[in-house]
Every structure is written in structure tokens, then in C-alpha cells.
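Student: Build me a model:
(2 chains)
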Number of protein chains: 2
Amino acid sequence: MTTSPLLISVDRRSRTPVFRQVYETFRRRILRGELRAGEHVPSSRDLARTLGISRLPVLNAYAQLLAEGYFETRRGDGTYVAPSLSRPARLLPRGERRIAAHAAALPPYQRPVWAEMLGPFQIGQPDLHSFPIEIWSRLAARDARRTRVKALQYGDPQGFAPLRELVAQYVRLSRGVRCEASQVLVTSGSQQGLDIAARVLLDPGAEAWIENPGYWLVRHALQAHGCADVPVPVDGEGLDVNAGVRLARKARAAFVAPSHQYPLGVTMSAARRMQLLAWAQREGAWIVEDDYDSEYRYDSRPITALHGLDDHARVIYIGTFSKVMFPSLRLGYLIVPSDLVERFLAVRQAMDLCPSHAVQSTMAEFMREGHFARHVRRMRALYASRRAALAAFVERELSGRVTVMGDPAGMHIALLAPGCDDGAIAAQALREGLLLSPLSASCSGPSPLRGFVLGFGNTPTARMEVAVKRLRKLIDEGSGARQAH
Amino acid sequence: MTTSPLLISVDRRSRTPVFRQVYETFRRRILRGELRAGEHVPSSRDLARTLGISRLPVLNAYAQLLAEGYFETRRGDGTYVAPSLSRPARLLPRGERRIAAHAAALPPYQRPVWAEMLGPFQIGQPDLHSFPIEIWSRLAARDARRTRVKALQYGDPQGFAPLRELVAQYVRLSRGVRCEASQVLVTSGSQQGLDIAARVLLDPGAEAWIENPGYWLVRHALQAHGCADVPVPVDGEGLDVNAGVRLARKARAAFVAPSHQYPLGVTMSAARRMQLLAWAQREGAWIVEDDYDSEYRYDSRPITALHGLDDHARVIYIGTFSKVMFPSLRLGYLIVPSDLVERFLAVRQAMDLCPSHAVQSTMAEFMREGHFARHVRRMRALYASRRAALAAFVERELSGRVTVMGDPAGMHIALLAPGCDDGAIAAQALREGLLLSPLSASCSGPSPLRGFVLGFGNTPTARMEVAVKRLRKLIDEGSGARQAH
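Tutor: Coordinates of the predicted model:
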């Protein structure tokens, strides 16, 4: 690849001959590591034209660079920087290197491992082999071929209008959310939804309830703003609102996943929902409802979103297509109270002007043609059978050792294993190439909760039995080891 | 479209007959506005199957809903919610509605106007009609057809590795930036680059230099974090570093566009660059270099990025493809000092897990096949001729009234018009359907600068003469009006 413009310039008034200027510039840039081994350099004809000079001095410079071994030629493939002479730039960070306290305090970044080789229990993994990739590709390709100039322009910061209409209709019908398309903000996924909500609603230092145990990236989103997260215990009915009131009555917001709590998998009871809404209304607080995998419930009772019970526009609803479509899509949405839409847009614009057009447009087509609804239906049946199978294997292999928590829903199952050193067992599992999520890692502060979160979205039933037996072995060895020392 | 799951459930143990439960649920949801006029309802067969009940009670419920006018049928097209009965949800925001102070303080959000009808002087508008849309669409379509399961998975939060390689090579060759692919962070555009940089580098309340006049969205990005922006004057040599030191020596960062300042179009002189780097090194401050349209210089001197002069890894470099490709692409990049990469990733992950895959992959192809370099070359020639033409028309029509600022570069030209009420003239222009950017609007606080920023990226030369004459008329009438009252 020849990239243009190459930072070569000549000064005709200089006393240094032009060929020398060209030669020196290349040489310096190669030695500084700006031009690398194997990188193409422009043909002498192109360079001469770009610089507006005759070709002769360029040819002379190239000849010298070739002679001295800076350049090489390959037949029919032009001129390259020679392999041996270039070296990467070395920059030594020096001096005081102070960054923002909130950024410094964030937990260490760990490159996520999402690899098939890490086994059957990974979290948040949809069965991508079941995604109708050929339909999606066909729509995306059709959309690409139909691209017109208008679609290249800056788009609506709130999101592509037809997609917002379809999302509003979808959440009204399927989630009982009461909203208009004018309240929908398209995001790049639920994480951006959490981030925007935190930035609009919370001052740095403000307290916000989070679920304990809970989804670790909610904590990160709040910590990145310098908010004080207040871990509130979750029990079989969901977030313990009384405990929240005791811990921080004046908190500015509560971040909850009422439909299917992560990691425990419980559904917030109707009584708790009313209690939470009443607290928010009384204290002028906000509720951020993360409805990340609510498409998937396997008993006969569909659960309405908390949003649908809210009569005072206290709830900000977050949905995502990452789980129900595929993660690399990077599309989600916020449903925002009408009076806050303008502020959400002001913040959104300051952080990221507008969402990318092409993917929104393809998603709208996918929904409009009914593929989305069909895919959700198919996946619901598939995951229901996987969950049932996993629960049965756990019952058979692990009964007495663990208790299954939560409702038949979503793409994970939580096992309580009181007294077991879940962290040590997970560490051992990882050494053996098995990713296992210890329940204690989802807890804020010291917690009595021990156990494991097992993802099953991407786990064929045929692989489960062996996997559960392996887990039993790990648990038993873990207990043995502990008893032994 | 029939969306699934429809939130209908039946309780077989209830004393209410099943048909009545189905009837009541539909009726309630229509009256609450959750089901809307014209929306499809599932066929009785589908609904019975979903609920796991026999079809008869569903047929009875549907018959009643049809009889009472809640449903309508259309031949061959199933059953719909009747047009007259549904009404949108009405939610009254109530109680205290306090949001974050930084979010509340952001300037009012104004839906951007980017419409061809607003005339020839819009800012930041590339000539999208010259974009090789058929090549891009072909690559995107090919990429879509080749999509494999792996590409659906969560991607690298830092960005698609092949694209990072190409970006690193590009900025090394074309911008004199010294970096490795491991320092590249793919963003959704320069605005997200500014946002991430501010979040990693600056505490709320921290001071940061911004250029005055300058790009308004830099100010917003800082204000959204509660940072204190310190407007530092820009003169013919770029940012006045001495003035910055006088105003806020201990500022934590400087946000600059040294290659082609917005709006004045000046290039920061070598002396100022060294001074700025020395200040940053001495005070332990950061420099955020926004190189938003550096591809386009029309004189013979290519300008190296400030980053290339930085020996102490003080500069965070921001590039974008919005101007040189097209805005709805939403792709840009950060070049981050090696020792900060991990912190940038931690913050990036907390705000938005990873960039979308498809667009990165198509962009990498577009670069790899040489289309990017070719497009930049073609656009450079086009914009150069447009700038020359616009400058000539301004010289002919407006000499004596305005002075042209800045270097021949980029896609805009700044005209100084001392003493002219540029805000009033722009307001009058907008009433006449012409978008005109007053220079005073780019200033922080009271400023003596008056004039206009004229975008020409998307303005065919043939339209310029009339447009410049129109501008002259507006200026003359504006001056007349002022003298008259």
C-alpha cells in the first residue's frame, strides 16, 4: 500500500539540490522508524508529480537509496523499504504522568477472553451458529448496494428514525414499555446506555444503588464517573429496597435488572417493584432498568418491564441487541422520559455525535421483514431446552453440593455452593482451560455468596454432561484441598 | 410486523375463563396505548401455540374483540388493531427531577442542520458526491457475504487488529506520527476520541487549555466532564503558549489543532510547537492533538503532526475518517502513549465495550486495496481548486470588507470582518435559508473577532460566485442596518 501524502517536501530555493533533499528525507524517515521494512514507496513518476518537480532528481535519489540499501525493488511490484534498516520508534514516557483519579482507580483492564476453547460455561454468549447469518448478510449487502449519498451524511444523533419506530413498537408490544419513538435513543449497546445514563443523571460523588451481587460493568460505568456505588443486597425477590433505604436513602439512582437479575437470575417481585418506584418518586431518584436478556423466558409467564409500571417517568430503560442478535453488532437503545430527551442528546452529542448509519439501517430491515421476531422465537426454544438440560445435569451430578438459583430465563444459571472456595476453584479451572465465573467475583465487598455462574447460550446439550462432571470434579477437588490443609 | 413475545399470559388455575383472560389482556393493552392502531396481532393459531393452549378460547376472544371493534381483519393480511381505539401513552413527569450539574449546564441541544438547501457555506461537509460509493458498497457487500461466525463475536476493544496496523502505517507515513499498532484505539469518530481523552486525563474541575476561537464541540466534551476550559488566544502562529502560561500555567492539558486550526485555519509555527511541548513536559501536562482535516493541504509544504516532535510521549493524537471518507461512517482513532494504553482501554470498556466489527473490516479493505489513498489524492486536487476559486471570488467581491485568514488547507476558509455584527448577519442569512457561521460564535467569552467561516468542501465552483455576492449583500445590508439605528 502506498499511502498519500508522503511527508516529503522540496524547497526549490534551497541550496541543497532537490535530489539530495528527497534522499535525505527518505533516509531520515526510515531511520526514525516512520517508514518500515517492506512498506511500499511511491513510484518515482508519482512522487515527481506530487511534488511538482521533474522526474530526474527523484530517480537520482531513488538510485542512491537503492545503492545504499535503504530501498529494494521487486520485479513488477515497485520499490520497498529494505527489511534490515528500519526500526520501530522508541519513545520513553518521561516526567510526571498524572491522569484523572477516576480513570486511575478503575480496575485493571483485562483483555476479555471469548474463545471457544475456554469451554462451555462462558457468560453472555449467544449461539452464534444459530444466527441466520445468510439472511443478515444478504440484507447488509443489499443495503450496501443501495447506499445513496444522503446515507453518508451525519445522521440523527438520536438514531435512524425508522429503527426508533420499530424499537418503540417492539418494547411496547413485547416488554410493556410505554413510549414513543421520540423517546428512543439508539446506542452502541447497553454499556453505552449505562454510561450516558450515569453522565446525565449523576454528579461525580453521587450515590447510586447497584445490585449486590451484580453485573461488574455497571460498577465500572459508575466508577468511571466517580460516583459512589452503594451495593444493595439481592434476595429471591430481587433488590432489597428496604436495605437500600437503610444504606442510602438519598441515593440519586438505582441500577437494576428486574426481569432477570445478573448473576442470580431472580425476577423482582411485584411488591418490590412498587416499593422501588415509590422510593424513587418520594426521593426524586432515578431508576435505570437494564433489560439485557429479557427476550428469553421459558416459563409461561412473560414479565413486563418495570418501566411499564412507572407512572411518573422515573425509569430509564436500557435494551440491547447484543444478546439477541450478535455482540459485534454494537446496537442497543435507551428509552428516556420525554422531559430528559433533550439533555440526553446534549450529552450524547458531546461524547459521540451520532450512531453509524449502515448497521442501523440493516437492523431496521431485519426487524421490518420479520426476521428478528422469528429469530427470537427460535432462540427461545433452543435456550429453553439448553437450560432444562443443564438444570437436569446439575441436579443429577451436583445435587447436595449446589443449589440452582433463579427463574428459567436468559442464558445463564447461577449455582449456590455455600462454603466452597469458588475463586480458587475458578482459578484451577482456568489453568485447565475452562472459564468458570465464581459468584463471589460478582459481589461488592466481603460476601457470604459462593458458587458459580454457568453460561449455556452457546453450549450444545451434547457437551453439557461432560462439562458438569468436570465441574463436579473441580468442586470436589477444591473442597478436598481445603480440608487437607 | 408481529413482534414476539406478545405479553399475553393465561393462568389455567384461575377462575376467569381462558378466553376472557385473552380478551381482557388485549383490550387493556390497546387502551393503555401499548398496542397501536394498525399493528398486527398474531394469528389465533400462533397465539394458541405460544401459550400452549387450544385454539378455541383464542378464537372466541378474537371474535369478541372483532365484534367490539378492537380488532379488524383485512383479507389475506390477518388481524390488526383497529385504527380508532388506540391512543398513545401519556406519562406526566412528576416530582423533583434533578440531573447531573455538568449535564444540566451543557448548552441547549440543537438538532444539527445538514441539509443541501441550507446553502454553499456549511462547515465540515465533504463532497459526498465524489465519494466512490460504488467501490465502498461493493466492498461492504462482499464483506457482508463473507461474514463468518467469528466476526459476530465481541471484538477487540482496541479495534480490529488489521485496521489498527493500517492506521498506524498511515499516520507514520502521512503524518509523521511515531507509533505502533498497539497504540492505536479505534473510536467512533474524533468526538469520541476527545471524550475518552478528557475522561482518562482530566479530573472534574481540572483546567484545560482550549483554543480561542476554537471548535465548539471540544468545549462541550470538556464541559460534559465538569472540566474548566481555559480559552487561550490563537494568533497567526497558532495557540499563544505564553498567554496560556499566564492564564493557567498548571492546566492539566491543552486541546489543540496545530495542523489546521479551527476556525482560523492557521498552522502552528515550529517555535510554538516546541514551546507547547516544553510546557507540557515541564508541568507534567498532556497535549491532545486534533488532526481532523490534515489530509488536505494545498501548498507544497506537508505539515508533520505535532506528535512527531514529541520525545516524551506527552501527545495524544486524534484522527478521524469522517471528513476524508464520510460522516455517517463513524470511525476515527486515537494514538495513545504506550504507558497509557491500558488506562484508555479500561475507560473505553466502561463506556462502550468495543467498536462495531463490520465497518472496521470494510474500512481496512478500502485502505488495503489502495482506494483510500486514491480518494484522498483526488479530493485534495478537488478541494484545492475549490479553495482557490472561493478565495478568488472573495478577493474580487469582498476586498476591503474582509481579510482571508489561514493557510490553503482543509475544507473551510475564515474571513475576518472587523466591526461587523456577524451574529446578526448570520441570523438574517438563516432567515433567507443560508447557513452562515459567524466567527464570534467560535469564541469563548467576549472577543473582538468578527467574521465568517465558509465551508467549501461540498460547494461546486459554479455555485460560488452567486453565493459570495449574496454574502456581500448580507454584509452590506448588515452594516447599513447598524448605521441606520
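Student: going forward, measure contacts between C-alpha atoms and count neighbours the same way
Tutor: Will do.
Student: Just give me the neighbour total for residue A:446.
Tutor: 8 (other C-alpha atoms under 10 Å in any protein chain shown).
Student: If you could redo that for residue A:32, that was the one I meant.
Tutor: Neighbours of residue A:32 using other C-alpha under 10 Å come to 17.
Student: Phi, psi for it please.
Tutor: phi -80, psi -10 (degrees, to the nearest 10).
Student: So out of everything in the stretch 351-485 of chain A, what residue is nearest chain B?
Tutor: Scanning the stretch 351-485 of chain A for proximity to chain B using C-alpha to the nearest C-alpha identifies residue A:352 as nearest, at 4.9 Å.
Student: Am I right that that residue is in contact with residue B:191?
Tutor: Yes: here residue A:352 reaches residue B:191: they are 5.2 Å apart, a contact under C-alpha atoms under 8 Å.
Student: pLDDT wise, what is residue A:295 at?
Tutor: With respect to pLDDT, residue A:295 scores 85.
Student: quick check, it in a helix?
Tutor: No: under the criterion used here (DSSP: H, G, I helix; E, B strand; the rest coil), residue A:295 is coil, not part of a helix.
Student: so who does it touch?
Tutor: When contacts are counted by C-alpha atoms under 8 Å, 6 or more residues apart in numbering or on different chains, residue A:295 touches A:324, A:376, A:380, A:410, B:5.
Student: Just among those, which is most surrounded?
Tutor: Top of these by neighbour count (other C-alpha under 10 Å): residue A:410, with 27 neighbours.
Student: Just give the nearest non-adjacent residue to it, would you?
Tutor: The spatial neighbour of residue A:410 that comes closest, neighbours along the chain excluded (C-alpha to C-alpha, 6 or more residues apart in numbering or on different chains), is residue A:296 at 5.0 Å.
Student: More neighbours: which of residue A:352 and residue B:191?
Tutor: Using other C-alpha under 10 Å, the more surrounded residue of residue A:352 and residue B:191 is residue B:191, with 26 against 22.
Student: That one touches residue A:353, doesn't it?
Tutor: Yes: contact criterion C-alpha under 8 Å: residue B:191 and residue A:353 qualify, at 6.6 Å.
Student: any idea which element residue A:29 lies in?
Tutor: helix A:18-31 (DSSP states H and E).
Student: quick one: low-confidence parts of the stretch 351-485 of chain A?
Tutor: Scanning the stretch 351-485 of chain A with the threshold set as pLDDT under 70 gives A:480-485.
Student: what residues does it put near chain B?
Tutor: A:351-358, A:367-370, A:373-374, A:376-377 (C-alpha under 8 Å from any C-alpha of the partner chain).
Student: Residue A:28 and residue A:21: what is the separation?
Tutor: From residue A:28 across to residue A:21, the span is 11 Å (C-alpha to C-alpha, to the nearest Å).
Student: Which one of the two is surrounded by more residues?
Tutor: For residue A:28 versus residue A:21, neighbours defined as other C-alpha under 10 Å are more numerous around residue A:21 (21 against 12).
Student: Would you check that the more buried one makes contact with residue A:10?
Tutor: Yes: judged on C-alpha under 8 Å, residue A:21 makes contact with residue A:10 at a distance of 6.3 Å.
Student: Can you mark which positions in the helix or strand containing residue A:195 are buried?
Tutor: Per DSSP H and E: residue A:195 is located in helix A:190-201. Using 16 or more other C-alpha atoms under 10 Å in any protein chain shown as the test for burial, helix A:190-201 gives A:190, A:191, A:192, A:193, A:194, A:195, A:196, A:197, A:198, A:199, A:200, A:201.
Student: Farthest-apart pair in the residues you listed, please.
Tutor: A:190 and A:201 (16.2 Å; C-alpha to C-alpha).
Student: and residue A:355, helix, strand or coil?
Tutor: Three-state call for residue A:355 (three-state DSSP): coil.
Student: For it, grab phi and psi.
Tutor: Dihedral angles of residue A:355 (phi, psi; degrees, to the nearest 10) stand at phi -70, psi 160.
Student: A strand includes residue A:453, no?
Tutor: Yes: assessed by three-state DSSP, residue A:453 belongs to a strand.
Student: Do I have it right that it meets residue A:414?
Tutor: Yes: between residue A:453 and residue A:414 a contact is recorded at 4.5 Å, counting by C-alpha under 8 Å.
Student: Quickly list what's touching both of these two.
Tutor: With C-alpha under 8 Å, 6+ apart as the test, residue A:453 and residue A:414 both reach A:263, A:439.
Student: Which SSE is immediately downstream of the helix holding residue A:29?
Tutor: According to DSSP H and E, the helix or strand after helix A:18-31 is strand A:40-41.
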